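J.: Provided below are the primary sequence and the corresponding predicted coordinates.
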Amino acid sequence: MQYSSDYQSPLGKIWLFAGEDALTGLCFAESPGRQKIPENAIKKDIPLFSAVKHWLDIYFQQKEPDFMPPLSLCGSPFQLSVWQLLQSIPYGQTVTYGEIAASLASSQGRPRMSAQAVGGAVGRNPISILIPCHRVVGANGNLTGYGGGIDRKCQLLRGEGIDMARFFLPGSNKRPG
């Protein structure tokens, strides 16, 4: 059974998706990269959604939640390995696509891995914010893409206390406002 609910965040409505006992998706409802609501999803506030909403309440109070609701990820082995690394990015810090690629290559005993391939997996992250893909930036300070939109990415990073002076908006030399 698939369930859906929504959460009104300071950055707009967020859709939540879950199976019986684990979160399967989280995205901004009004964003260019949003997921589709599963056709068979029943809109119902199951107990799991209470935990996810509590996590989000803490996060949007600009605090680091000290727990993680159960997650269920479905993807290729490569995507799953990238999403696992995303979960290890500390609150209030950023990493580059290249750093993730180097870490993944090292863990697999490979000489190198494509940062672009990592970017593709990051972009397919089904559980935004909890799996912090917004903390991944370009090597040169480019904020690059984010399924929730670059403005939201900037707001999420600022909310975690990240100094935005070292970053610039994609396709320009303009600093985030």
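T.: Structure's in. What do you need?
J.: for stretch 140-153, buried residues please.
T.: For stretch 140-153, burial by neighbour count (16 or more other CB atoms under 10 Å) applies to 141, 142, 143, 144, 145, 146, 147, 148, 149, 150, 152, 153. In this view, the C-beta of every residue, glycine as well, is placed from N, C-alpha and C.
J.: okay, these in JSON lines with secondary structure next?
T.: Compiled in JSON lines, these are given as follows (DSSP: H, G, I helix; E, B strand; the rest coil):
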{"residue": "141", "secondary structure": "coil"}
{"residue": "142", "secondary structure": "strand"}
{"residue": "143", "secondary structure": "coil"}
{"residue": "144", "secondary structure": "coil"}
{"residue": "145", "secondary structure": "coil"}
{"residue": "146", "secondary structure": "coil"}
{"residue": "147", "secondary structure": "coil"}
{"residue": "148", "secondary structure": "coil"}
{"residue": "149", "secondary structure": "coil"}
{"residue": "150", "secondary structure": "helix"}
{"residue": "152", "secondary structure": "helix"}
{"residue": "153", "secondary structure": "helix"}
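J.: what sits up against stretch 2-12?
T.: 13-19, 24, 28-31, 37-38, 40-46, 48-49, 52-53, 56, 60, 148, 152, 155-156 (CB atoms under 8 Å, 6 or more residues apart in numbering).
J.: in strands, which of those fall?
T.: 13, 14, 15, 16, 17, 18, 24, 28, 41, 42, 43 (DSSP state E).
J.: surely the third one touches residue 26?
T.: Spelled out, it's residue 15. Yes: look at residue 15 against residue 26 with CB atoms under 8 Å: they come within range, at 7.1 Å.
J.: which one's more surrounded, those two?
T.: Of the pair residue 15 and residue 26, residue 26 is the one with more neighbours under other CB atoms under 10 Å, namely 24 against 21.
J.: using the three-state scheme, assign that one.
T.: Going by three-state DSSP: residue 26 is strand.
J.: chain neighbours aside, what residue packs nearest to it?
T.: residue 127 (4.8 Å; CB to CB, 6 or more residues apart in numbering).
J.: residues near that neighbour, how many?
T.: 25.
J.: likewise residue 126?
T.: 21.
J.: likewise for the one 10 residues further on?
T.: Using other CB under 10 Å, residue 136 has 26 other residues around it.
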